[in-house]
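Trainee: structure, please.
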Amino acid sequence: MLEPSNNAQLPEIPSKRYFTIGEVSELCDVKPHVLRYWEQEFPQLKPVKRRGNRRYYQRQDVMIIRTIRSLLYEQGYTIGGARLQLTETRLPEPEVPAQSAMPLSLAEPGEGIFHVVLQDMIKELEQVASLLRR
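Mentor: Residues are numbered from 1 along each chain as shown. As a prediction, the model looks like this:
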């Protein structure tokens, strides 16, 4: 995969399953309206959408956005050229944790994206609480 050349300047991607558009904006140093535009221009970008069109990006999406950012802003590609570069480059398959192997659309009622995000938040808070107890 094409690697962004300024990884040192961008923050590390946290180990969580879903990111809001605001979080991705900060992680990739790109404005939210630009991210929404790129979704239309790059078919590889497919954030999960919930009610009200709220977007939830996965780690793979963040990596693709960083690559697009590098192609456009650092390497000087046009949108069309960057799109061509991405289609010619085989992107690695996303790492799927065992517990999320079932597609969200096939999950039990109450197991939608909101439930998954909430469960991730609970796990992260439990980890923080565990660290604070030490």
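
Trainee: can you tell me the SS state at Phe19?
Mentor: strand (DSSP: H, G, I helix; E, B strand; the rest coil).

Trainee: pretty sure it is touching Ile65, no?
Mentor: No - counting by CB atoms under 8 Å, Phe19 stays clear of Ile65, with 10.0 Å between them. In short, each C-beta sits where N, CA and C put it, glycine included.

Trainee: tell me how far Asp61 lies from Gln127.
Mentor: Separation of Asp61 from Gln127 (CB to CB, to the nearest Å): 23 Å.

Trainee: ranges for the helices of the chain?
Mentor: With DSSP state H as the criterion, the chain has helices at 21-28, 32-41, 59-69, 79-88, 113-133.

Trainee: what comes up buried for the longest strand seen in the chain?
Mentor: The longest strand of the chain (DSSP state E) is strand 54-58. Neighbour counts over strand 54-58 (16 or more other CB atoms under 10 Å) mark Arg55, Tyr56, Tyr57, Gln58 as buried.

Trainee: let me have those residues in JSON lines, extended by distance to Leu86 and pLDDT.
Mentor: JSON lines is the format used below for these (distance: CB to CB, whole Å; pLDDT from 0 to 100):
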{"residue": "Arg55", "distance to Leu86": "19", "pLDDT": "90"}
{"residue": "Tyr56", "distance to Leu86": "21", "pLDDT": "93"}
{"residue": "Tyr57", "distance to Leu86": "16", "pLDDT": "94"}
{"residue": "Gln58", "distance to Leu86": "17", "pLDDT": "93"}
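
Trainee: so which of those is the closest to Ala82?
Mentor: Of all the buried residues of strand 54-58, Ala82 sits closest to Tyr57, with 18.1 Å by CB to CB.

Trainee: what lines up beside the longest strand of the chain in the sheet?
Mentor: Within its sheet, and counting by DSSP bridges, strand 54-58 is paired with strand 18-20 (antiparallel), strand 48-50 (antiparallel).

Trainee: pick the most deeply packed of the ones you listed.
Mentor: Comparing the strands paired with strand 54-58 by mean neighbour count (mean count of other CB atoms under 10 Å), strand 18-20 comes out on top with a mean of 19.
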